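coords below, sequence missing:
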């Protein structure tokens with residue numbers, strides 16, 4: 001039972017981090033979009049693309065670790 005609670009807490013934590021990250025990226029995007037309309041440099045655009053790529057990689061890593069934790073919890077529960 002404690003394994004299930006542990007996994008549930010991890011899932012909730014990952015969900016919370018993902019939502020907060022999306023909100024942060026959304027507000028950052030809105031600010032940058034206003035800047036892009038005013039004429040952002042190519043370097044700023046490339047920086048944004050790199051940040052999006054890094055965030056995707058981090059989300060993929062979190063998903064991978066979450067799947068591993070679920071498998072571990074299933075092993076504990078059985």
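Happy to help now that I have it. Note that the structure is predicted; figures quoted are calculated from it, not measured. Numbering: from 1, shown residues only.

drop to CA atoms for contacts and neighbour counts, all remaining ones
Fine.

who does the helix or strand where residue 65 lies touch, helix- and strand-wise?
Under the criterion of DSSP states H and E, residue 65 resides in helix 42-77. With contacts defined as 3 or more Cα pairs under 8 Å, 6 or more residues apart in numbering; DSSP states H and E, helix 42-77 has these neighbours: helix 2-37.

what angle separates the worst-scoring helix or strand of the chain on mean pLDDT from helix 42-77?
One helix or strand of the chain scores below all others by mean pLDDT, DSSP states H and E: helix 2-37, with a mean of 81. Helix 2-37 and helix 42-77 meet at an angle of 170 degrees, taking axes from the mean of the first three to the mean of the last three Cα atoms, to 10 degrees as the criterion.

Quick check: buried residues in helix 2-37?
3, 7, 11, 14, 18, 32 (16 or more other Cα atoms under 10 Å).

how about a markdown table for these, with distance to residue 76 added?
Output for those, formatted as a markdown table (distance: Cα to Cα, whole Å):
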| residue | distance to residue 76 |
| --- | --- |
| 3 | 7 |
| 7 | 11 |
| 11 | 17 |
| 14 | 21 |
| 18 | 26 |
| 32 | 46 |
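
now the least confident helix or strand of the chain: how far from the chain's centre is it?
Mean-position distance between helix 2-37 and its chain equals 6 Å (Cα atoms, centre = their mean, to the nearest Å).
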